[in-house]
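Novice: Just need the structure, nothing else, for what follows:
(2 chains)
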Amino acid sequence: MTKNYSCLLGLLLFVFSCTSCSEDDNYVQVKPTPTSPVSLNLESIPYPTLSEYNFFEGEMSDLKPVYGVLPYKITSGLFIDYAKAQTFVWMPKGSKANYVNDHSVLDFPDGAVLITNHYFENVLPKKNRKMIETRLIIKKEGEWVLVNYKWNDDQSEAVYTTEGSFVNVKIEDNNETKAVNYKIPSYNECFTCHNKYDEILPIGPKPQNINEDFSFKDGIKNQLKKWAEFGYLNTSNIPSEIVSVVDWSDISQPLDLRVRSYLDINCAHCHSDKGYCEYAPMRFSFKDTDDFKNIGVGVEHNFELEEGLSHIVAPGKSEESALLFRLKSTLDEYKMPIMGRNLQHKEGVKLIEQWINSLENKIE
Amino acid sequence: MKTKLLFLIICLAPFAIKAQSSSDTCSAADSATHITSGGTYSITSFNGTAPVAGCSSGSTADNGEWFAYTPVNDYQVVISSDISGNNGKDTKLQVYDGSCASLNCLANSDDDGEDVYSRLSVVQFNVEANKTYYIAWDNRWDSSAFDFILTETVQQPISFTEDPRNGGGTVRGAVDMNNDGLDDIVSIVAKNVNDSNVYDINIQEQTGGGSFIGHDYPVSAPYSASWSLAAGDYNGDGYTDLVWGNGSGVNIVKAINSGTDYAIAETQSGIFTQRTNFVDINEDGRLDVFICHDIAPNIYYMNETSGLEYYQGADPNGVPEGLGIYPSGGNYGSVWVDYDNDGDIDMFMAKCGGGEARRTNQLFRNNGNGSYTEVAGAANLADPIQTWSGAWGDYDNDGDMDVFIGGYNGTSHKMMRNDGNGTFTDITPTTNLGFFTYTGIDNVPADFNNDGFIDILSNGNILVNDGNPINMSFTAYTSGVPPQGAIGDLDNDGFLDVVSGSKIYYNNGSTNKYIKIKLNGNGLNKAGIGARIEITTSSGIQIRDVRSGEGFRYMNSLTTHFGLGVDTSVTSVKVYWPSGIVDVVNNLSVNQTITVAEGTTLGTESKTFAQDLTLFPNPAKSTLYVKTKYNLSDAIYTVFDISGKRVLNSKFGRNNTVNVSSLSTGTYFLRVMQDGLSHTQKFIKE
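Specialist: Numbering: from 1, shown residues only, chains lettered A, B, ... in the order given. You can find the predicted model right below:
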């Protein structure tokens, strides 16, 4: 999907004209620029506790960002056993990210921090919110560092951890009770999805994944525009149109775009060149899946799975498709994604099933 | 899946359309003229009753068409719609035996075409003369008219009969658990406790002849056996213990109370378990545990008197250099094998995923003193071909272990012949394996047809060794063979069977002979894991290593099986124990299982070797010189301490010297061995 980006250019013109005005006008009142209270000393990371970074004000578990910490949303969200995610970005004063292309992570400056909080809503019996983990990706000397914090039981602090662990919660979701054995990944597991031939990379903040409106404190605005406005994004080389994913759960969008968006965020970090599972034939990045062959349509599957499966995607035959079998399975040896999912994602399974059955029963 | 051979047969078959037309029901077909020979048959329209008897998954079709088929001889039969004229069509086929009132599913095929179109159907199965089979096509996907071909050929030299497996869970092992000499079936069964799964053991104990008694053993281990299971009696109580794991951790579970119960010995979270093994890594006579880690350096537990000690990577108290220490892992399949015939066990590591440095296969040579050196490059085995497992066996019976290395998805398999000098040569193009491109994760050696040459179970295909010791070659059987599974003798008939999923695949066997050898070790390593067994018959020599855990996922029998072809006796069985002890048993009859107890045949060898051997200086401080008129370049020396424990082991190579600097002061015995002949002499280290 291509989203028009001209509104951003409009903004630039606006900024430019304001600047022009101010040069001519001696009356302009200069507000003191607020300073972000975030504390980040790259020599000392990872801090032992999350609170030391000072990303949030008030009760930390309310995730109310301080000045300089911008909330953002990934258009098509990753499935993490029905946990919710809230993401934020912070960069040191005076530094900004650069656009590379639509489908690559923005080129962030040293000191940039991507903050992803995972929590559950409607946790039984009280139906309250429970923070589970906060994952940071911090850019230091040109390389990304993966850091994870596990929230304590009284939700007052999150403590640095490299060990994986399980958190059991029962939630009410979609009018049913779900028992979740949520896995906080170990460092090695974080690394597995976040590396390309051992180079650590974030997954979410690619232009294609964040090119949408977001309700900021001061109003609704395109996220890239907001980043630019805040000084977090260099707009000089951003094209007017960005090929963007859609929200996979938005039924007003075309089915194939929803499927491609779902596969991108859930599968593409491993199933792409230099990814953990590059040796399998699938290429699930949004940029690659306009060719359905990269999703495995009509491609015979090549793994020891259960009987009756013929192709990765058997067009028109979801029950013979290894892709759906793996998305449905909760067994370690079959399930996909291999990490981060222990429950079946019913809504995702339904989407993929619907799409496979909608394909013409024909192999090219 | 089909072989090229099969394709040729179909191409050569007569193409005249046969008269028998399809019927609307099974019973109508039974009353009509039966098909009695190969040929091309037609479905002109779908208006009969669709088959419903549970032969295939998925929803039922609207209509079906039926044929009855009664062959005049025993045949291997192929029914295929994958023929010219059917391009673009989508057929679905079920084949039954039994009666129309009680149909028994024999085979089914939906999208198995390979030659004309992938949505066409192909099945292969064996038939008996004068028995009736029912062929039903349905229009689940497509109602077009089409022709199909039925081809009768002589039955392939290897065939299996399917039987249901009891016990549920995930089947992983075909191994003797209760020490009665019969292979049992091990599966790991999930149990939901407080909304999380924990895992118990089910053992189907073989009582002989394909009968089993099932037992559930509650263990509540935290991790499933998703990725692999291995078996071995690490504490020497005579009952087999287990190690298994999944992407989150690993469990070591031991037999207790004389094998009447099982209990968790160790569990460790944060391990992405791949292949597991029991193996005596440091050669102290005690089985250790090795665990491939997918995303970090490998794990091992050293079996100390204080218990199992956990190590990861290089550790001065464990393996000083580690055994695969790439930071982000990529370790999929470890096979412990004595590749250089120096009497101690080395390790091949199949590696997959990531950049070339992460995914290049490794070979760890045992230095004989508890340390290992990575030598894959020098050995010509450093392949970056996405390997999940390598199948190690002496495929040409020349006395050293060759290896079939699995590729994955677009990378070819490789057959590497052991040159006998620590290096390997790629002979794939001349082995007839070049066309075999069905790749996957599990490659395991086993002599399925008991012809005395090791075959390979490769991703649910059997690569049958053609038995040419000079120019090794194989024939791939891709139909009518079991899927990948655990290999053992599950009916105790001397032919290797496979258990996989919900079925046991019994090898139908032949008149070929066999011998099976069960080991009874002296110390804690009762099953003699790591031992080399060598047998001599009139056909020559065969060798095996006793291994716990090979291929990728399953645990095969610890009873060593040799096919013997037409040989009617075994001249000798030689066991090279991990302790350094060698046992020899002579003149054995075939078709039996023998037990060799460690050290019980010592001294049976009458011939001597290197009688003139002298050692100097004696006492020695750092270098001990060995003087003899014999050429020792291929000889192995082993140093035992006064208690009989092996402390050094190596080949001499170019120099007739032994570096004794690592030994503590005391009295030792040096044994020099070549071609099974040995000479032992005492020396003192000062």
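Novice: neighbours of A:D290, just the number please.
Specialist: 12 (other C-beta atoms under 10 Å in any protein chain shown). The way it works is simple: take the backbone N, C-alpha and C, and place the C-beta from them, glycine included.
Novice: Over to B:P316?
Specialist: Neighbour tally, B:P316, other C-beta under 10 Å: 6.
Novice: Centre-most residue in chain B?
Specialist: B:V444 (3.2 Å; C-alpha atoms, centre = their mean).
Novice: Check for me that that one belongs to a strand.
Specialist: Yes - assigned with DSSP: H, G, I helix; E, B strand; the rest coil, B:V444 falls within a strand.
Novice: Next, the contact list for it, please.
Specialist: Residues near B:V444 by C-beta atoms under 8 Å, 6 or more residues apart in numbering or on different chains: B:S389, B:A391, B:I456, B:L457, B:S458, B:Q484, B:I487, B:E550, B:G551, B:Y554, B:N556.
Novice: Select from those residues the one having the most neighbours.
Specialist: Counting neighbours by other C-beta under 10 Å, the top entry in the contacts of B:V444 is B:G551, with 32 neighbours.
Novice: Can you read off the pLDDT for that one?
Specialist: The model reports B:G551 with a pLDDT of 96.
Novice: buried residues in stretch A:305-324?
Specialist: For stretch A:305-324, a neighbour-count test (16 or more other C-beta atoms under 10 Å in any protein chain shown) marks A:309-324 as buried.
Novice: and the residue nearest to the centre of chain B, bridged to which residues?
Specialist: Using DSSP bridges, the beta-bridge partners of B:V444 come out as B:L457.
Novice: separation between it and B:L496?
Specialist: From B:V444 over to B:L496 the distance is 10 Å, taken as C-beta to C-beta, to the nearest Å.
Novice: Identify the contacts common to these two.
Specialist: Common neighbours of B:V444 and B:L496 (C-beta under 8 Å, 6+ apart) are B:I487.
Novice: Inside helices: which ones of the contacts of B:V444?
Specialist: Among the contacts of B:V444, no member falls in helices (criterion: DSSP state H).
Novice: Can you flag which of these belong to strands?
Specialist: B:A391, B:I456, B:L457, B:S458, B:I487 (DSSP state E).
Novice: Mind putting those residues into JSON lines with pLDDT?
Specialist: Listed next are the ones in strands among the contacts of B:V444 as JSON lines, based on pLDDT from 0 to 100:
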{"residue": "B:A391", "pLDDT": "98"}
{"residue": "B:I456", "pLDDT": "97"}
{"residue": "B:L457", "pLDDT": "97"}
{"residue": "B:S458", "pLDDT": "94"}
{"residue": "B:I487", "pLDDT": "98"}
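Novice: State the pair within the residues you listed that is farthest apart.
Specialist: B:S458 and B:I487 (12.4 Å; C-beta to C-beta).
Novice: and chain B, which of the buried residues of stretch A:305-324 contact it?
Specialist: Restricting the buried residues of stretch A:305-324 to those touching chain B (C-beta under 8 Å from any C-beta of the partner chain) yields A:S310, A:H311, A:A314, A:G316, A:K317, A:E319, A:E320.
Novice: Can you redo the residues you listed as TSV, where the extra columns are pLDDT and secondary structure?
Specialist: Formatted as TSV, these follow (pLDDT from 0 to 100; DSSP: H, G, I helix; E, B strand; the rest coil):
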residue	pLDDT	secondary structure
A:S310	89	coil
A:H311	94	strand
A:A314	95	coil
A:G316	94	coil
A:K317	94	coil
A:E319	92	helix
A:E320	93	helix
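Novice: Please render these as CSV that adds distance to B:T33 to the earlier fields.
Specialist: Formatted as CSV, those follow (distance: C-beta to C-beta, whole Å):
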residue, distance to B:T33
A:S310, 34
A:H311, 38
A:A314, 36
A:G316, 36
A:K317, 35
A:E319, 36
A:E320, 34
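Novice: Out of the residues you listed, which is nearest to A:S39?
Specialist: Checking those against A:S39 with C-beta to C-beta, the nearest one is A:H311 at 53.0 Å.
Novice: Okay, strands next: where are they in the stretch 101-250 of chain A?
Specialist: Secondary structure of the stretch 101-250 of chain A by DSSP state E, counting those that start in this stretch: the strands cover A:113-123, A:128-140, A:143-151, A:158-160, A:165-173, A:176-184, A:195-196, A:199-200, A:213-216, A:219-222, A:233-234, A:241-243.
Novice: Any idea which of the ones you listed gets closest to chain B?
Specialist: strand A:176-184 (3.5 Å; C-beta to the nearest C-beta).
Novice: Run through the neighbouring helices and strands of the closest one.
Specialist: Applying 3 or more C-beta pairs under 8 Å, 6 or more residues apart in numbering or on different chains; DSSP states H and E, one finds that strand A:176-184 contacts strand A:113-123, strand A:128-140, strand A:165-173.
Novice: Kindly reformat these as CSV containing mean pLDDT.
Specialist: Output for the helices and strands packed on strand A:176-184, formatted as CSV (pLDDT from 0 to 100):
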stretch, mean pLDDT
strand A:113-123, 98
strand A:128-140, 98
strand A:165-173, 95
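Novice: Select the helix or strand of chain B having the lowest average pLDDT value.
Specialist: helix B:4-12 (a mean of 43; mean pLDDT, DSSP states H and E).
Novice: Revised request: answer the last question for chain A.
Specialist: Every helix and strand in chain A was compared by mean pLDDT, DSSP H and E; the lowest is helix A:6-24, with a mean of 43.
Novice: what's the neighbour count on A:K139?
Specialist: A:K139: 23 neighbours (other C-beta under 10 Å).
Novice: May I have the residues that are in contact with it?
Specialist: A:F108, A:P109, A:D110, A:G111, A:A112, A:V113, A:V145.
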